[in-house]
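>>> Pasted the sequence and its predicted model underneath.
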Amino acid sequence: MAVSIAHLGPIGTNAEAAALQYASWLTASTGQESLLCPYPSIALSLRAVAEGNADVAVVPIENSTEGSVPATLDGLWRFGNLQIQWALILPISHALLSQAPAIDAIQTVYSHPQALAQCQGWLEKFLPTAQLIPTSSTTEALQSLGEDATSAAISSPRAAELYNLPVLADSINDHPDNCTRFWILSQQPSPGGSHTSLAFTVHDLPGSLVKPLQVFASRGINLSHIESRPTKRSLGDYLFFVDLEADARKPDVQATLAELAKDTETLKVFGSYDILPTAKS
Ligand SMILES: O=C(O)C(=O)C[C@]1(C(=O)O)C=C[C@@H](O)C=C1
């Protein structure tokens, strides 16, 4: 049976591009066919897998310009039963799609908040008075862009082809090396690999964050990322997401995680995984 892959829709999103890369890798390496399933939000793609309605979710976790994607971090913590199978890094190129005759005719620009932020400098320079309207994905507004000659959307060149829309300006992202890291998640145990991701809360006491960090330092485990998110229990109460350059299948890493469990209030380990080789790498 085909593997169902949940991703942020509608068709043409960057998340769908990442899901397509994963699907072709899956077919090439295991012979498995897949079925792409677009969802209206990142949270709903995660929920689909957490509740068993899809096999796998492909979700953005971090962008090189804008940093972490909060919906992914929050969903991962909330559902608690999702494990990371792979990471996948995609270059992200944004274009301005519109039926407008020229850029100066545009009064409104639609896109996902992450994409608007990744093009902030370009928008300030070329469309300083345009109204910026956040949408649930880079392709949500494309269907209704139609013949409107005063609106535009920031989306990918691939989406321009899929929706048959003209590209008024391309490569409008402020940083040419703009890229996004995606995670491929499922309810299956993670396969193991060179990266481990986890999150924890600590008791509200002085120095309570030092102890967990000391556990990694004393065992020589390198942290590649740390991020805090509100627990949503009360103001000023945080949980901490940490990426380690280590494989939790190794006994010394297992011992570190056991020690960490003692120095934290709640600890969730999302698994160990490698970076999926993509078409260009
Ligand atoms: O809207 C899309 O196309 C998405 O896939 C979402 C998303 C994100 O949330 O980070 C993915 C990659 C880009 O960084 C911009 C938007």
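Received it, and whenever you're ready, just let me know what you need.
>>> which element is the residue of the stretch 151-281 of the chain found nearest the ligand on?
Closest approach between the stretch 151-281 of the chain and the ligand, counting by Cβ to the nearest ligand atom: Thr180, at 4.0 Å. (C-beta placed from N, C-alpha, C; glycine too.) In the assignment (DSSP states H and E), Thr180 maps to strand 179-186.
>>> Quick check: next helix or strand after that strand?
strand 195-201.
>>> now the strand holding Thr180 against strand 195-201, angle please.
Angle between the axes of strand 179-186 and strand 195-201 is 80 degrees (criterion: axes from the mean of the first three to the mean of the last three Cα atoms, to 10 degrees).
>>> What strands line up against strand 179-186, and which way round?
strand 56-63 (antiparallel), strand 83-91 (antiparallel) (DSSP bridges).
>>> Would you reformat those strands as a markdown table and include mean neighbour count?
Output for those, formatted as a markdown table (neighbours: other Cβ atoms under 10 Å):
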| stretch | mean neighbour count |
| --- | --- |
| strand 56-63 | 25 |
| strand 83-91 | 20 |
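>>> Please name whichever of the ones you listed is nearest to Gln114.
Distance to Gln114, taken as Cβ to Cβ, is lowest for strand 56-63 among these, at 6.0 Å.
>>> need the contact list for the residue nearest the centre of the chain.
For the chain, the residue nearest the mean C-alpha position is Pro60 (1.2 Å; Cα atoms, centre = their mean). For Pro60, the contact set (Cβ atoms under 8 Å, 6 or more residues apart in numbering) comprises 8, 14-15, 18, 42, 69, 72, 114, 180-182.
>>> so which pair among those residues is furthest apart in space?
Every pair of these checked by Cβ to Cβ; the farthest is Leu8 and Arg181, at 14.7 Å.
>>> More neighbours: which of the two?
A side-by-side neighbour count of Leu8 and Arg181, using other Cβ atoms under 10 Å, places Leu8 first with 29 against 19.
>>> What does the pLDDT read for Ala54?
We have a pLDDT of 98 for Ala54.
>>> Counting neighbours, what do you get for it?
22.
>>> What of Thr196?
Using other Cβ under 10 Å, Thr196 has 27 neighbouring residues.
>>> again with Gln120
14.
>>> Wait, it touches Asp174, no?
Yes. Gln120 is within contact range of Asp174, at 6.4 Å (criterion: Cβ atoms under 8 Å).
>>> which parts of the stretch 101-250 of the chain sit against the ligand?
112, 114-115, 137-138, 180 (Cβ under 6 Å from any ligand atom).
>>> Quickly note the distance from the residue nearest to the centre of the chain to Ile226.
Distance of Pro60 to Ile226, computed by Cβ to Cβ, to the nearest Å: 19 Å.
>>> now Asp252
21 Å.
>>> Same check on Leu26?
Distance check for Leu26 against Ile226: by Cβ to Cβ, it reads 31 Å.
>>> Please identify which of those two sits among more neighbours.
Using other Cβ under 10 Å as the criterion, Leu26 and Ile226 rank with Leu26 on top: 19 against 11.
>>> Mind jotting down where the strands sit in the stretch 1-150 of the chain?
Secondary structure of the stretch 1-150 of the chain (DSSP state E, counting those that start in this stretch): strands at 3-8, 34-39, 56-63, 67-68, 83-91, 95-97, 108-111, 131-134.
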